[in-house]
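Q: Turn this into a structure:
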Amino acid sequence: MNSFKRILSAFMALCVCSFCFSFYAFASSAPTADIEKTQLGASDTYYSYSVETKTLTIEGTGATPDFSNTSTSIPWYLWRSDGSIENVVIKDGVTALGNYLLYQVKTASITLPDTLKQIRSYALGNTLAVTDWVIPFGVTSIGTNAFYGCSTMESITLPDTLASIGSKAFYNCTSLESIAIPYSVTTIGSNAFYQCTSLNNVIFQSETSSVTISSNCFLGCSSLKNITIPMNATVGTKFFGYADSSTKYADAAMTVYSGSNGQTYADTNGFGYTVTDITYAECAVEYKNTYNENNVNRTFDYSFTADSSIVYNFYTRGDCDVSAVLKDSAGNTIASNDDISSTDKNCMVSAQLEKGKEYILTISSYKSTGTYSLWIYPQAINTVNVNGSLTFNACDSTDNGEYRYFNITDERLSDFILTITFENGLKDMLYYQSGYFDNRNIEYNDTQMENPFTCGSNTAQISLGEINSDFEVLVNHSYTQSVIAPTVDDDGYTLNACVLCSNSYKDNFVPTTAVTVSGRAVLAQRPDMSHADSIAYPYVAFYANGREYTTDSNGYWSFNTFDSCDITFVNRFGGDVTVHFDVNGENVEYGDIAFVGYDFNKDGYVNVKDFAIYAHQYRNRELTADYWQYAKYFF
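A: Just a heads-up that it's a prediction; the model follows:
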């Protein structure tokens, strides 16, 4: 008995081992069949997979779920790194990549959507094949560890919508060589670029930005020996120049602004540095500064080197009353400006500059405190393209007495992206904003008075100065309902009619309770109204339901009625016939009704006068030659 138990136990253990092996072999292998569109958690996002193209597609609207790094959380966890996924396509509509979404997915191709706003924790971490990344315009935050361990990353382009870079966001991205921090970034988290050992160039696009650079930000970046710290930056402990928490790079050096936090950091930590008081400015970058009681008498200088021999516009926006003077490198004044207008205390200067030459713009305050931002753009614009569309329902419109009007507000246009191409080839992207841009206005052109919108696709315009760019306004049908009662001829129904266009449809049909009465008109062949040959007599008409009915060419007739009724059949060539019809909720097939067809003058007699009328007026025209054959029985 014990021997049997041992054999049984061994057999069961073998079965369990075989099951486990089969399960894990299946679970860890790539899909052998396409995965159809499948919901991700409780979100409005979905994934699918193509075996043929090895493409993982993520689509839908809004944010994908936040996952944990487990096989029970991530659908593709067990085959994410075995070569099964060669392409990842995330479609427009997705706004956020949730935690761990593509963590350790080994693929060289990841397409990010234009609708993306957030990249959350570990979402793209350890994607060990992508070398060059371009983060779409519109992304505002890169979360903690978002690109953790992406050791194949060689370059990344960040958009100037980005506001925050999370802690350890680029932790151990050992192949990354250069990074440009957009002027829009206000926070860089601790250890954000920890151990990026190939990183040798960090550029802050705006040398006046108020960015917070957290502790240990560039800790262990052994190739990063020089850095320029923005004038208004706040810096954390050991953010630069340290191999670890206690070891400095002896050859690390900084460029700092006089009196800035960067200078204090260099002095405190014993780094060599160069002091500058001039900001090197570029086109399409915001240079923000603040005048307060301590610096209200100070001037700020901006160096600009023209890349083309064209007209450039230098302008400020903000709540501080400032003036500008533009000089060449020899100190000669080229242009100056105090106020844009009597109501706008900002300044704007335009000047024809020469390619390759340096110019100095000096900003001064009129004893005014507040914040201003300096922008530089070429004056001539070649094209403006709008990325965005609006969708309305027809009922969203307002009837102004002449046409139905759709109210398009600046708020509704605020997510629209304008791509502007300037004459020197510069391309800049910005969100729609009403009002002043450079020396022009961005505004919505309301042309609905000339071309009112209708259901379907319509074209609207945004203008920048003299340049117009189209975008789509889609209007969906909106229906009002009216109930149409049944009639004797038709079923009842609900009529759904669009409030804006002629589109309509019927539903909720209610069958009519009317019955159909039908029969046939035949020629009477004898005075007793007999009609043995059932010859069709199509010369009869009658009235019912307020309208005239006629027989067809074979003498058949029909009409609908709710109630019993008397119908008088008007005989074209003889006496009329009145018939009573009884109806009891069912159709009535009455049969033949005979009519005398020879009393052409309708005097109650059939005689020679009738034959004369027949012979001269109807024979061989409406009536055949043998039509008169039965008339002899009626004389």
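
Q: For stretch 122-142, what is the spacing between the initial and final residues?
A: 10 Å (C-alpha to C-alpha, to the nearest Å).

Q: Next: stretch 141-156.
A: 15 Å.

Q: buried residues in it?
A: 141-150, 152-153, 156 (16 or more other C-beta atoms under 10 Å). No exception for glycine: its C-beta is placed from N, CA and C like everyone else's.

Q: ok, now stretch 205-218?
A: For stretch 205-218, by 16+ other C-beta under 10 Å, it's 205-209, 211-214, 216-218.

Q: Can I get it in CSV, CA atoms only?
A: C-alpha atoms of stretch 205-218 as CSV (Å, rounded to 0.1, in the frame of the first residue of the first chain):
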residue,chain,number,x,y,z
GLN,A,205,17.6,77.4,-23.8
SER,A,206,16.7,80.4,-21.7
GLU,A,207,19.6,81.8,-19.7
THR,A,208,17.2,83.8,-17.6
SER,A,209,14.7,81.0,-16.7
SER,A,210,13.6,80.5,-13.1
VAL,A,211,14.2,76.8,-13.2
THR,A,212,14.7,74.8,-10.0
ILE,A,213,17.6,72.3,-10.4
SER,A,214,17.2,69.8,-7.6
SER,A,215,20.0,68.1,-5.6
ASN,A,216,22.2,65.5,-7.3
CYS,A,217,20.6,66.4,-10.6
PHE,A,218,23.8,65.7,-12.6
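
Q: thinking Val139 is in contact with Leu162, fair?
A: Yes: Val139 lies in contact with Leu162 (C-beta atoms under 8 Å); the separation is 5.8 Å.

Q: And the helices in the chain, which stretches?
A: If DSSP state H is used as the criterion, the helices of the chain fall at 2-28, 261-269, 410-413, 608-613.

Q: Please save the CA atoms from the last one in PDB.
A: As requested, C-alpha coordinates have been extracted for helix 608-613 and formatted as PDB (Å, rounded to 0.1, in the frame of the first residue of the first chain):
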ATOM      1  CA  VAL A 608     -78.300  56.700 -82.300                       C
ATOM      2  CA  LYS A 609     -77.100  59.900 -80.700                       C
ATOM      3  CA  ASP A 610     -74.800  57.900 -78.500                       C
ATOM      4  CA  PHE A 611     -73.500  56.000 -81.500                       C
ATOM      5  CA  ALA A 612     -72.800  59.200 -83.400                       C
ATOM      6  CA  ILE A 613     -70.800  60.500 -80.400                       C
END
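
Q: related to what we said a few turns ago, tell me which entries of the buried residues of stretch 205-218 lie within strands.
A: Here DSSP state E is the test, and the buried residues of stretch 205-218 give 212-213 as lying in strands.

Q: Max pairwise distance over the buried residues of stretch 205-218: which two?
A: Spatial extent of those (C-beta to C-beta) is set by the pair Thr208 and Asn216 at 24.4 Å.

Q: Show the contacting residues for Glu472.
A: 389-390, 457-460 (C-beta atoms under 8 Å, 6 or more residues apart in numbering).

Q: Let's see which of those residues end up in strands.
A: Short answer: these in strands (DSSP E) are 389-390, 457-460.

Q: So among the residues you listed, which ones count as buried?
A: 390, 458, 460.

Q: Make CSV out of these and add distance to Asp307 and pLDDT.
A: Listed next are those as CSV, based on distance: C-beta to C-beta, whole Å; pLDDT from 0 to 100:
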residue, distance to Asp307, pLDDT
Leu390, 37, 97
Asn458, 40, 97
Ala460, 35, 97
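
Q: nearest to Asp599, of those residues?
A: Nearest to Asp599, judged by C-beta to C-beta, of these is Asn458 at 67.3 Å.

Q: do you know how far that closest one is from Tyr194?
A: 52 Å (C-beta to C-beta, to the nearest Å).

Q: residue boundaries of the strands in the stretch 501-635 of the chain?
A: Remark: strands assigned in the stretch 501-635 of the chain by DSSP state E, counting those that start in this stretch are 504-510, 515-523, 540-544, 547-550, 556-561, 565-571, 577-581, 588-595.

Q: Mean neighbour count, the ones you listed: which tops it?
A: With neighbours defined as mean count of other C-beta atoms under 10 Å, these peak in mean count at strand 515-523, which reaches a mean of 20.

Q: pLDDT of that one, averaged?
A: When pLDDT is averaged over strand 515-523, the result is 97.

Q: List of residues touching it?
A: By C-beta under 8 Å, 6+ apart, the residues outside strand 515-523 that reach it are 531, 534-540, 551, 554-562, 569, 581, 583, 585-595, 597, 630.

Q: Need the CA coordinates for it. PDB is fine.
A: Coordinates of the C-alpha atoms in strand 515-523 are reproduced here as PDB (Å, rounded to 0.1, in the frame of the first residue of the first chain):
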ATOM      1  CA  VAL A 515     -58.800  48.800 -44.000                       C
ATOM      2  CA  THR A 516     -58.500  48.500 -47.800                       C
ATOM      3  CA  VAL A 517     -61.600  48.200 -49.900                       C
ATOM      4  CA  SER A 518     -60.900  47.000 -53.500                       C
ATOM      5  CA  GLY A 519     -62.800  45.700 -56.500                       C
ATOM      6  CA  ARG A 520     -63.000  45.900 -60.300                       C
ATOM      7  CA  ALA A 521     -65.000  47.900 -62.800                       C
ATOM      8  CA  VAL A 522     -66.300  45.800 -65.700                       C
ATOM      9  CA  LEU A 523     -68.500  46.600 -68.700                       C
END
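
Q: What angle do strand 565-571 and that strand make with each other?
A: If you take axes from the mean of the first three to the mean of the last three C-alpha atoms, to 10 degrees, strand 515-523 sits at 30 degrees to strand 565-571.

Q: Run the chain-centre distance for strand 515-523.
A: Distance of strand 515-523 from its chain centroid, counting by C-alpha atoms, centre = their mean, to the nearest Å, is 62 Å.

Q: from now on call the first residue 306
A: From this message on, residue numbering opens at 306, which makes the last subject strand 820-828.

Q: what does the model give Ser333 for pLDDT?
A: 51.

Q: circling back to that earlier point, looking at the helices of the chain, which has the lowest confidence?
A: For the helices of the chain, where the average pLDDT is lowest is helix 307-333, sitting at a mean of 39.

Q: As CSV, the strands of the stretch 806-940 of the chain with distance to Gly797 would be great.
A: Formatted as CSV, the strands of the stretch 806-940 of the chain follow (distance: least, C-beta to C-beta, whole Å):
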stretch, distance to Gly797
strand 809-815, 4
strand 820-828, 16
strand 845-849, 20
strand 852-855, 19
strand 861-866, 14
strand 870-876, 21
strand 882-886, 24
strand 893-900, 22
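
Q: that older thread, pick out whichever of the contacts of Glu777 sits closest to Tyr682.
A: Ala765 (25.1 Å).

Q: pLDDT at the spatially closest residue to that closest one that is not a sequence neighbour, what is it?
A: Distances taken as C-beta to C-beta, 6 or more residues apart in numbering put Val778 closest to Ala765, at 4.9 Å, once the chain neighbours are dropped. On the pLDDT scale, Val778 is placed at 98.

Q: which ones are touching Val778?
A: The neighbours of Val778, taking C-beta under 8 Å, 6+ apart as the test, are 694-697, 711, 713, 758, 762-765.

Q: Bridge partners for it, pull those for me.
A: Taking DSSP bridges as the rule, Val778 bridges to Leu695, Asn763.

Q: Please apply the same query to Val875.
A: Beta bridges link Val875 to Ala846 when assigned by DSSP bridges.
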